[in-house]
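Enquirer: predicted structure and sequence below. I'll ask about it afterward.
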Amino acid sequence: MSDPQESRNEFSRILTDIITQDVAKKSRRQRNTVFSPASIQSCLTLAYMAATGSTAEELNKGLLLGPGDRHHIARTFGDFWRTNCNYGDRGPILKSVNSLYVNSNLELHPEFNEVASDFFQTKAEPLEFADSASATKYINEWVEKETEQRITNLLQSDAVDDATSAVLINALYFKGKWKKPFMPEATGKHAFFVDSDTSIEVDMMTQEDKFKFAELHHLKAKAVQLSYEASHIHMLIILPDDRFGLQDLEAKLKDIDLTSIDEAMNIRDVVVSLPQFSIEFDVDLKDILKKLGIAEIFTDAAQLDGLFTTKEKQKISAARHRGYINVNEAGSEAAAVSFMKIVPMMLNMNTKKFKADHPFVFYIRNSQAVFFAGRFVGAQGQSSEACTNEKCRNNCRCGGLTR
């Protein structure tokens, strides 16, 4: 697969299916999720830049990096993020935060540091892992700063120790205003059906306007596209026709190219009802990557010869990813927007209804990549069972993972 855009979208499908299955396995009930396939693929490609032999082969195959030398692959990802990242000058904020911290006893290879800086917008740096409290505090403060205080306490104080060789970290932050904002006055309390036995009350936003819409009979679902202001990025929401059909929908989506859904959509008059929601989701990439066929990098057989100047063999000891998303009426300055719409006083028989009052999947994407994929199944913490992880201090956001 030589086309980078096709590679990113294919990787997104595979990764989304694996994470969905992983969450289902670890949780007795459905959980909210949000993660970034594009950023995970890009971040792990940084590790590929230091790998050799069979480790490099596993990473290339698992990440769908395709042909070309390392410099070509690095430049492709560098160009992608330079084109798509935005820091709020105009349009949505999209920040990709990647970093590789290494044991301070080891000297980083200058060539690797140069590639990390030039193409991955990150700086790999040494850290004193023996002082675990200080090391994790340093990492957590950096992530918090880069994500505007939305992602905090990424690592627990015992996450690293003197035996740690390296820690690969990725965090992604997104915040955008709708091109067609919802009016706060139209938001009201409505039932959201979590499962056949449970419903919760949510703040349901509603508006009627022209949106891209499709009835996907082969998926037994409907789709609507909500665009973000001053951007080619949009949110694609796919809602199963069956109130409790999320699992069947997700099983079908693993074989569906989202471009085919784009092609099926037409501009229609649609009444869109969408709950406000905020999701923070943490995932241990180590388990996920093993299911992608990337395992050697975490073992004593790892070949990371391009990472350090020393010949001493090293391995990656941990890899984590946390995604965050907040969806509301109009974004960060919604209250400052006044909006009035005058419409004919007649009933439009062709108006479609898209009422997301039961679990659905969503993607924040453009034609180049899926920046976020996720699912909303209910208010954060209300739709999942009590966490059994003794070290969890985050109201079951960890999904049962030690942090």
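Expert: Good, I have the coordinates.
Enquirer: can we go C-alpha only for contacts and neighbour counts from here?
Expert: Will do.
Enquirer: can you give me the helices for the protein?
Expert: Secondary structure of the chain (DSSP state H): helices located at 4-26, 37-48, 53-62, 70-84, 110-119, 132-146, 246-253, 258-264, 285-291.
Enquirer: who's in contact with the longest one?
Expert: Helix 4-26 is touched from outside by 1, 30-31, 37-38, 41, 63-66, 76, 250-251, 253-257, 288, 291-292, 367-370, 373, 399-400, with contacts defined as Cα atoms under 8 Å, 6 or more residues apart in numbering.
Enquirer: domain assignment for this structure?
Expert: 4-176+279-326, 184-275+337-374 (automatic domain parsing).
Enquirer: using a markdown table, please lay out the ones you listed together with mean neighbour count and mean pLDDT.
Expert: Putting these into a markdown table (neighbours: other Cα atoms under 10 Å; pLDDT from 0 to 100) gives the following:
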| stretch | mean neighbour count | mean pLDDT |
| --- | --- | --- |
| domain 4-176+279-326 | 19 | 87 |
| domain 184-275+337-374 | 17 | 88 |
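Enquirer: which one of the helices of the chain lies closest to residue 273?
Expert: Nearest to residue 273, of all the helices of the chain, is helix 246-253, at 17.7 Å by Cα to Cα.
Enquirer: can I get that closest one in PDB? Just the C-alpha atoms.
Expert: Presented in PDB, the C-alpha positions along helix 246-253 are these (Å, rounded to 0.1, in the frame of the first residue of the first chain):
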ATOM      1  CA  LEU A 246     -24.000  -0.400  18.200                       C
ATOM      2  CA  GLN A 247     -22.100  -3.700  18.400                       C
ATOM      3  CA  ASP A 248     -23.500  -4.900  15.100                       C
ATOM      4  CA  LEU A 249     -22.700  -1.500  13.500                       C
ATOM      5  CA  GLU A 250     -19.100  -1.600  14.700                       C
ATOM      6  CA  ALA A 251     -18.600  -5.100  13.400                       C
ATOM      7  CA  LYS A 252     -19.700  -4.000  10.000                       C
ATOM      8  CA  LEU A 253     -17.700  -0.800  10.000                       C
END
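Enquirer: and it, what does it pack against?
Expert: helix 4-26, strand 234-240 (3 or more Cα pairs under 8 Å, 6 or more residues apart in numbering; DSSP states H and E).
Enquirer: and the angle from that helix to strand 234-240?
Expert: 120 degrees (axes from the mean of the first three to the mean of the last three Cα atoms, to 10 degrees).
Enquirer: tell me which residues are up against helix 246-253.
Expert: 13, 17, 20, 219, 220, 221, 239, 240, 359, 360, 361.
Enquirer: I'd like to know how far the residue nearest to the fourth one when sequence neighbours are not counted sits from residue 218.
Expert: With sequence-adjacent residues excluded and distances taken as Cα to Cα, 6 or more residues apart in numbering, residue 219 is closest to residue 249, at 6.3 Å. Between residue 249 and residue 218 the computed distance is 10 Å (Cα to Cα, to the nearest Å).
Enquirer: now the closest residue to residue 282 other than its chain neighbours: how far from residue 159?
Expert: Nearest residue to residue 282 in three dimensions, chain neighbours excluded: residue 322, at 4.4 Å (Cα to Cα, 6+ apart). Distance of residue 322 to residue 159, given as Cα to Cα: 15 Å.
Enquirer: I'm done for today, thanks for sticking with me.
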